[in-house]
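In: Quick check, what structure comes out for this input:
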Amino acid sequence: MPGDQRGRPRTPTALKVLRGETRKSRLPKAEPKPKTGALRMPEGMSARAQAFWNAALEDFGQSGVLFPADGSELRLWAEAMARYVWAAEQLETTGPLIRGARKGDLIKNPLHQIVKDNAVLAHNLARSLGLNPSGRASLTVGGLAQPTPPAGPRLVEDPIADLLNPRRLAAKRIAAQRRRVQSA
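Out: Numbering: from 1, shown residues only. Purely as a prediction, here's the structure:
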């Protein structure tokens, strides 16, 4: 079925580049590029959701990861955060247990589920947008020193590792043969 993607979603190319990926074989050749520019707040958002939207843009608007095409996902995150805060406040005032409608027994407050659902949704959206620590963990900001990849395979002498990993031993043998051919 088209669009039915299973497994972990692909990492956007911008994130791969920010993480320091330099191998062309790992970067897609024909990925569509979103248009750059300022994100505009959609109409119809609650005041609380607008506050979360503005806070996210103030903190991350110039990061180079958010594009106008991400506006709908950022709106979902802001609205999920607004619902989360509202439900958490309501839960705090009503308590974790309420009287049931049928027999008047104590039951779990349904606001628990609303708080939980919106917390999970906001967390997942924040991670995909790079707004929380797990989303930013492997990002680097442009202008900072990027680690340079080594020129060739660097194999440290470790006889135990050679015994446990036959590929490592084969790579060392090939590297030694290349050095001999180059010096001859």
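In: Domain ranges for the chain, per the record?
Out: Here the domain parsing of the chain from automatic domain parsing is 46-140, 153-184.
In: most neighbours per residue, which of these?
Out: Neighbour counts (mean count of other Cβ atoms under 10 Å) averaged over each of these peak at domain 46-140, with a mean of 15. For every residue, glycine as well, the C-beta is placed using N, CA and C.
In: tell me the mean pLDDT over that one?
Out: When pLDDT is averaged over domain 46-140, the result is 87.
In: if we can go back for a sec, possible to save the domains of the chain as JSON lines with distance to Ala30?
Out: As requested, the domains of the chain are exported to JSON lines (distance: least, Cβ to Cβ, whole Å):
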{"stretch": "domain 46-140", "distance to Ala30": "17"}
{"stretch": "domain 153-184", "distance to Ala30": "31"}
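In: looking at these, which is closest to Pro12?
Out: domain 46-140 (8.2 Å; Cβ to Cβ).
In: Can you show me the helices along this structure?
Out: Using DSSP state H, the helices of the chain run over residues 13-18, 47-60, 71-94, 111-129, 133-136, 159-164, 166-183.
In: now the fourth one: how far from the chain's centre is it?
Out: What that stands for is helix 111-129. 14 Å (Cα atoms, centre = their mean, to the nearest Å).
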